[in-house]
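Visitor: here you go, sequence then predicted model.
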Amino acid sequence: MSTPRAGHSATHDAGRLSALTVQDLKKSFGGVQAVQGVSFSVEPGTLLALIGPNGAGKTTCFNMLNGQLTPDSGSVKINGVEVVGKKPREVWRMGVGRTFQITATFPSMTVRENVQMALLSHHRRLANFWKRAGDLYRDEADKLLARVGMLEQAERPCSILAYGDLKRVELAVALANDPRLLLMDEPTAGMAPQERIALMALTAEIVRERGIAVLFTEHDMDVVFAHADRLIVLNRGRLIAAGTPAEVRSNAEVQQVYLGSRH
Amino acid sequence: MSSFVIQFLNGLAGASTLFLVAAGLSLIFGVTRIVNFAHGSLYMVGIYIAYSLIAKLGGGALGFWTGIALAALAVGLLGALIEMLLLRRIYHAPELFQLLATFGLTLVIKDAALWIWGAEDLLGPRAPGLGSSIDVLGKPLPEYDLLLIFIGPLVLGLLWLLLNRTRWGTLVRAATQDRDMVGALGVNQKWLFTGVFALGSLLAGLGGALQIPREPAQLFLDLTSISDAFVVVVIGGMGSIPGAFLAALLIAEIKALCYGIGQVTLFGTVISLSKLTLVVEFLVMAVVLIVRPWGLLGRPQSVAHVSSAHVEPPLRPVGPRLQRGAWALLAVLIALPFISTPYTVILGIDILVFALFAASLHFMMGPAGMVSFGHAAYMGLGAYGAGLLLKSAGAPMEVSLLAAPLLAGAGALVFGWFCVRLSGVYLAMLTLAFAQIAWSVMFQWDEFTGGSNGLVGIWPAAWLSGKTAFYYLALLLCGAGIWMLRHMLFSPWGYALRAGRDSPLRCDAIGIDLARLQWSAFVVVGMFGGLAGAVYAYSKGSISPDVMSIARSVDGLVMVLLGGVQTLSGPVVGAVVFTWLQDTIARNTDYWRALLGMTIIVLVLAFPQGIVGFIRSRFTRREDA
């Protein structure tokens, strides 16, 4: 099995380095073709929004990228390395962070401990039966928490946090393995409008300073047009448009199937 | 050949009874989500009531069948009462507390039966007009068995009509799929639940009453029938009535086949298949759970609605006050032999052993989030490991004491490999299956383990032969074990286990291999359970298969739940209270089970978070609460 580093140089040879390259991805459930030959790529330090109406295949597409679902055919390369057939935890080790539509954190732990868990896993220290977990990678965890504005709440249990704060914790957890790619499924779902803009602004700032590539799905068009560098539009399992926000906005087919109801 | 046919027909008759009991259990679980441990007791009560009623009503056909019908109705009524008086108050309690409450109920019912009917086996009359046998290929088949063969499918058909052709049945099926939604649609859940519980109880009572001509009323039938019924429900798929029928048929026929074949010779060794009947249902369950974890006709369980009310607070290191308390407790324990009677020292050893046993089970159930119904297996493997190393391998006592936990750990390595593929009730049932398989090996392997008599003469080395010396050894080993378990909870490994319990999804997304982690937890916990068993064996001087029986596993569960799952000192407090209560009550009354059962029920109703959880919530104010 090749390491991410080896794959890294392999794509260099090809001339251009994409953090994520998806080619001709297909998946059907029974007779329903949920995703029918989708291809796209994401560049480091940019945000790509995946949008589309309900049932367009966004979540299916998303879950194939980090190994939660196995595609029927097609290829998913992260830093040039094929990930189809790998488990989510293996994909994570290749430098992919993930946040969920409904936040997944450890409610019986404090905010800091949540981040420490990801750091302990990243540094492969989980098989340690004796040291106190709370003493390990504490400063590193606090640095990440400070970056997402959650340091003041580091000692609070995740079970009592406001939802917007949980989303920030999840972002800090996702950043713990120093990812090259972030997959964010509906990062602002369930948040108040003002919080949405703030969280995405923070995310955009962090990924640009660290050169992380981001793929996110989103329903809120204000968030999408304010922060995405590029957009791809999915409808009934097919990619119907790709480009900058301005290009997609003026695309006739997109307006008809998706934005049509809004304008 | 003819004997096979007879065994097959016998199997069909047995399947009917098994189905009646299991169908009721499945129905109750499907709607109320309560795993009713007292279901076997209802079956047992059905036999007893039928016995008394038939004796009162006279032996004619009318008296016999009226007696059976009335017995079933009476048990249904008893079920309705239980639901209204007890279960209604605990529908929102954690799943395990409901189980604990129904377990308390089995103790109360058993002693009530002892009080009313006495300890003697009571054999009822034969069914009037059905007392003879018919000839099948030259072998006799009791006519009554023939009747039973038809009753199973008949009840299945009636249940199908009830569930699919009536409004009430539609509501029951809807509630099985999503009871919150049924409630939201304005259905009065209270009476629906009472009705379902009464119907399920009636079926158990009917199953029992119909056994009257075949089997005497006995007090141990509650436990044997509940484990059979659990197995059938799990194999068939929890909540599925046709599944229960299919599973009952499967189990009864495989058992009949084992009896029919008798002994086979395989590779030169004689294997008795009829001995296998003790364990065959658990073997089948283990295979089904591994291949099809949700049962033959069940559906994969939807993710339960997680209630944030039960999330435990983050771990905190012991504060200075508690630390001083722990040192004071240790000082008292060290001084105990000087300030108390020899009897207390012996009781003290028991308490230390069970405190470690409960602490290891708690580690599994609480932090690691895997409920085990078969934790006594590790205690048993440790006890037998120590005994066999001493007796058969001739190892010195000190060596056997330290090697026994490794044997238990090896057992856990095997069991755990299968178990970590499952979760929730199914995982719990698979642990039960493995414990039962281990138990029956110890029970039947006469030449090696001493069979049902067990091993005797397991005495410690001379320097530990005094009770006081052995008490200090137990204090050292069990104390160190409990301390180590606690210490590991704060390690990265312990944290990772809690992470796996909190959110498997997030674990997977941060690179944690949860199955392997949980597997390692099985091994570690198994070793500590084994240590408790080894100390136990040397403290008693003898061991029997009882050390790894279902009842012992249940004792462990009760200790952990009494103390409180969400606290670290809970299992120790639970073990102390349970062992002491059992000892005190048992010495003072014949009805100690009833008192223990009542105590458990009262504790569940009064302290749903366990004793320590209650104390903590009384004396500390939670941040932001």
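Guide: All right, it came through fine.

Visitor: what pLDDT does the residue nearest to residue B:518 when sequence neighbours are not counted get?
Guide: Once flanking residues are discounted, residue B:518 sits nearest to residue B:420: 4.4 Å by Cβ to Cβ, 6 or more residues apart in numbering or on different chains. In short, each C-beta sits where N, CA and C put it, glycine included. In this model, residue B:420 is scored at 91, pLDDT.

Visitor: and residue B:420, what does it touch?
Guide: Residues counted as contacts of residue B:420 (Cβ atoms under 8 Å, 6 or more residues apart in numbering or on different chains) are B:370, B:427, B:515, B:518-519, B:522.

Visitor: and those, which is the shakiest by pLDDT?
Guide: pLDDT across the contacts of residue B:420 is lowest for residue B:427, at 87.

Visitor: burial count for that one?
Guide: 22 (other Cβ atoms under 10 Å in any protein chain shown).

Visitor: quick one on the thing from earlier: for chain A, state which of the contacts of residue B:420 is nearest.
Guide: residue B:515 (10.4 Å; Cβ to the nearest Cβ).

Visitor: and stretch A:229-248, end to end?
Guide: End-to-end distance of stretch A:229-248 (Cα to Cα, to the nearest Å): 11 Å.

Visitor: what comes up buried for stretch A:21-29?
Guide: Buried residues in stretch A:21-29, counted by 16 or more other Cβ atoms under 10 Å in any protein chain shown: A:21-22, A:25-27.

Visitor: hmm, I was thinking of stretch B:405-421
Guide: Of all the residues in stretch B:405-421, those buried under the rule 16+ other Cβ under 10 Å are B:405-412, B:415-416, B:418-421.

Visitor: then stretch A:236-246?
Guide: For stretch A:236-246, a neighbour-count test (16+ other Cβ under 10 Å) marks A:236-237, A:239-242, A:245 as buried.

Visitor: and the stretch 201-350 of chain B, which residues reach chain A?
Guide: B:308, B:311-314, B:317 (Cβ under 8 Å from any Cβ of the partner chain).

Visitor: quick check: what element follows the helix or strand where residue B:14 lies along the chain?
Guide: Applying DSSP states H and E as the criterion places residue B:14 in helix B:2-32. Per DSSP H and E, the first helix or strand lying C-terminal to helix B:2-32 is helix B:39-57.

Visitor: just to revisit the earlier point, among the buried residues of stretch A:236-246, which are in strands?
Guide: Residues of the buried residues of stretch A:236-246 located in strands (DSSP state E): A:239-242.

Visitor: which member of those residues is positioned nearest residue B:295?
Guide: Proximity of those to residue B:295 (Cβ to Cβ) peaks at residue A:239, which lies at 41.8 Å.

Visitor: in space, what's closest to residue B:600 - neighbours in sequence excluded?
Guide: That would be residue B:104: by Cβ to Cβ, 6+ apart, it lies 3.5 Å from residue B:600.

Visitor: equivalent analysis for residue B:495, please.
Guide: Closest residue in space to residue B:495, ignoring its immediate chain neighbours: residue A:133 at 4.3 Å, by Cβ to Cβ, 6+ apart.

Visitor: surely the one you found and residue A:123 touch.
Guide: No. Using Cβ atoms under 8 Å, residue A:133 makes no contact with residue A:123, being 12.0 Å away.

Visitor: ok, these two, which is more surrounded?
Guide: A count of neighbours by other Cβ under 10 Å puts residue A:133 above the other of residue A:133 and residue A:123, at 25 against 14.

Visitor: quick one: contacts for that one?
Guide: Neighbouring residues of residue A:133 by Cβ under 8 Å, 6+ apart: A:113, A:116, A:120, B:490-492, B:494-495.

Visitor: can I get these in CSV with neighbour count and pLDDT?
Guide: Listed next are those as CSV, based on neighbours: other Cβ atoms under 10 Å in any protein chain shown; pLDDT from 0 to 100:
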residue, neighbour count, pLDDT
A:113, 24, 96
A:116, 27, 97
A:120, 29, 96
B:490, 19, 94
B:491, 22, 96
B:492, 28, 96
B:494, 26, 96
B:495, 26, 96
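
Visitor: what's near enough to touch residue A:175?
Guide: Per Cβ under 8 Å, 6+ apart, neighbours of residue A:175: A:97, A:144, A:147-148, A:182, A:206.

Visitor: also residue B:150?
Guide: Residues counted as contacts of residue B:150 (Cβ under 8 Å, 6+ apart): none.

Visitor: next, it: secondary structure please.
Guide: Secondary structure state of residue B:150, per DSSP: H, G, I helix; E, B strand; the rest coil, is helix.

Visitor: need the pLDDT of it.
Guide: Looking at residue B:150, its pLDDT is 93.

Visitor: cool, residue A:24 as well?
Guide: At residue A:24, pLDDT is 92.

Visitor: pLDDT value on the residue lying closest to it once chain neighbours are set aside, please?
Guide: What sits nearest to residue A:24 in space, not counting adjacent residues and going by Cβ to Cβ, 6+ apart, is residue A:74, at 4.5 Å. Here, the pLDDT recorded for residue A:74 equals 93.

Visitor: follow-up on the earlier one: distance to chain B added to the contacts of residue A:175, as TSV?
Guide: Shown next, in TSV, are those (distance: Cβ to the nearest Cβ, whole Å):
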residue	distance to chain B
A:97	8
A:144	13
A:147	18
A:148	16
A:182	12
A:206	18
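
Visitor: elements contacting the helix or strand that contains residue B:386?
Guide: In this assignment (DSSP H and E), residue B:386 forms part of helix B:376-391. Here helix B:376-391 touches helix B:397-419, helix B:424-444, helix B:446-449, strand B:455-456, helix B:514-540, strand B:542-543, helix B:550-563, going by 3 or more Cβ pairs under 8 Å, 6 or more residues apart in numbering or on different chains; DSSP states H and E.

Visitor: wasn't residue A:128 part of a strand?
Guide: No. Residue A:128 sits outside any strand when classified using three-state DSSP, being coil.

Visitor: wait, it sits on residue B:495?
Guide: No. Residue A:128 is beyond contact range of residue B:495, at 9.8 Å (criterion: Cβ under 8 Å).

Visitor: once you drop chain neighbours, what's closest to residue 119?
Guide: This is for chain A. Closest residue to residue A:119 in three dimensions, ignoring its sequence neighbours and counting by Cβ to Cβ, 6+ apart: residue A:137, at 4.0 Å.

Visitor: meant chain B, my bad for not saying
Guide: Excluding the flanking residues, the one nearest residue B:119 by Cβ to Cβ, 6+ apart is residue B:219, at 6.7 Å.

Visitor: name the SS class of the one you found, please.
Guide: What three-state DSSP gives for residue B:219 is coil.

Visitor: so where do the strands sit in the stretch 151-263 of chain A?
Guide: Counting by DSSP state E, counting those that start in this stretch, the stretch 151-263 of chain A has strands at residues A:181-185, A:213-217, A:230-235, A:238-243.

Visitor: quick one: neighbours of the closest residue to residue B:371 other than its chain neighbours, just the number.
Guide: In space, and not counting its chain neighbours, residue B:371 is closest to residue B:428: 4.5 Å by Cβ to Cβ, 6+ apart. Using other Cβ under 10 Å, residue B:428 is surrounded by 25 other residues.

Visitor: what do you get for residue B:357?
Guide: Neighbours of residue B:357 (other Cβ under 10 Å): 31.

Visitor: what score does it have for pLDDT?
Guide: Value for residue B:357, per-residue pLDDT: 97.
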